[in-house]
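Novice: Could you look at this predicted model? Sequence included:
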Amino acid sequence: MIDVRLQLSVRDARRRFDLDLAFATDAPFVALYGPSGAGKSLTLQALAGLLPVRAGHVRLNGRTLLDTAAGINLPPEQRGVGYLFQHYALFPHLSARDNIAFGLRSPWGRLSPADAARVDALIDNFGLRAMAHSKPAHLSGGQQQRVALARALACQPQVLLLDEPFAALHTTLRRQLRSELRALREQLGIPALLVSHDPEDVLALADEVLVLDGGGLQHRLLATDPDLRRALDHAL
Ligand SMILES: Nc1ncnc2c1ncn2[C@@H]1O[C@H](COP(=O)(O)OP(=O)(O)OP(=O)(O)O)[C@@H](O)[C@H]1O
């Protein structure tokens with residue numbers, strides 16, 4: 001169960017954007033869907049603890065990650081959240097292996113033997129052995145996506161947050177990686193929240209769709225809804 005209420009504002013010199021939404025869901029795969037600038041990425045960032053929240057809570061399977069009223073606000077590294085960032089945000093100067101291991105290293109840069117074994121297992125599971133020592137610029141789009149996904153999983157997360165995980169990929173690879181992602185999530189047995197504005201991603205993966213616009217939740221749709229495709233097209 002993911003139970004969320006978020007109120008926050010972001011601003012720069014000229015603009016201010018308010019996010020104000022609440023939802024609770026048991027769906028294994030949830031899509032945050034809606035037009036550009038709706039507040040989808042900000043929602044993921046707030047869930048991960050990367051943005052200050054003015055008021056609200058985040059509970060994951062009964063565990064409180066944030067509760068502003070109770071003064072609880074776990075830092076990102078204690079939230080048990082695996083985050084695949086938009087455009088992957090891989091470190092360009094680090095190898096694929098060091099990218100995957102990044103969040104596991106001690107402040108002195110050490111990797112415990114157990115963590116090193118986990119990183120090696122992820123490298124093998126994602127078919128990255130041959131390019132483990134290559135930098136991101138020397139990897140294909142699909143390989144970069146796999147490194148980003150392996151990095152998100154390295155901390156053994158309780159929930160997976162995926163921000164446009166297929167945006168940089170061409171159609172055939174998108175299709176293949178969608179089914180890999182679906183199988184992987186089922187195997188891990190953890191919930192996933194996917195940000196996308198591609199109806200095909202939503203139709204292929206989501207059990208429930210939260211349609212966002214203007215920083216709020218407009219409506220909720222289920223994968224079983226016979227009019228889902230039309231509703232998705234209508235929502236953009
Ligand atoms: N750090 C920030 N400071 C100021 N404004 C921001 C900041 N981050 C995002 N915004 C603004 O907040 C709004 C929502 O941004 P968000 O990234 O959540 O949109 P989105 O729904 O993910 O869009 P897209 O599909 O284009 O990625 C946008 O208008 C954006 O310009």
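Specialist: Nice, I can see it.
Novice: Show the subsequent helix or strand relative to the longest helix seen in the chain.
Specialist: Longest helix in the chain, counting residues (DSSP state H): helix 171-188. Downstream of helix 171-188, the first helix or strand assigned by DSSP states H and E is strand 192-196.
Novice: what inclination does that following strand have with respect to helix 171-188?
Specialist: Put simply, strand 192-196 runs at 160 degrees to helix 171-188, going by axes from the mean of the first three to the mean of the last three Cα atoms, to 10 degrees.
Novice: Point out the other helices and strands that strand 192-196 packs with.
Specialist: strand 29-33, helix 40-48, strand 159-163, helix 199-205 (3 or more Cβ pairs under 8 Å, 6 or more residues apart in numbering; DSSP states H and E). Any C-beta I mention is one placed from the backbone N, CA and C, and that applies to glycine too.
Novice: Any chance of these in TSV with distance to the ligand as columns?
Specialist: TSV is the format used below for the helices and strands packed on strand 192-196 (distance: least, Cβ to the nearest ligand atom, whole Å):
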stretch	distance to the ligand
strand 29-33	8
helix 40-48	3
strand 159-163	7
helix 199-205	12
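Novice: who in this protein is up against the ligand?
Specialist: For the chain, the residues in contact with the ligand (Cβ under 6 Å from any ligand atom) are 10-12, 17, 36-42, 197.
Novice: hmm, back to that, looking just at contacts, which helices and strands does the longest helix of the chain meet?
Specialist: Applying 3+ Cβ pairs under 8 Å, 6+ apart, we find helix 171-188 packed against helix 141-154, strand 159-163, helix 199-205.
Novice: 10 Å instead?
Specialist: Packing partners of helix 171-188 (3 or more Cβ pairs under 10 Å, 6 or more residues apart in numbering; DSSP states H and E): strand 29-33, helix 141-154, strand 159-163, strand 192-196, helix 199-205.
Novice: export these to CSV and tack on mean pLDDT, mean neighbour count and distance to Ile100?
Specialist: Listed next are those as CSV, based on pLDDT from 0 to 100; neighbours: other Cβ atoms under 10 Å; distance: least, Cβ to Cβ, whole Å:
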stretch, mean pLDDT, mean neighbour count, distance to Ile100
strand 29-33, 97, 26, 23
helix 141-154, 93, 22, 5
strand 159-163, 96, 24, 15
strand 192-196, 95, 25, 19
helix 199-205, 94, 20, 23
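Novice: returning to what we had before: tell me the least confident of the residues of the chain next to the ligand?
Specialist: Ranked by pLDDT, those bottom out at His197, which scores 85.
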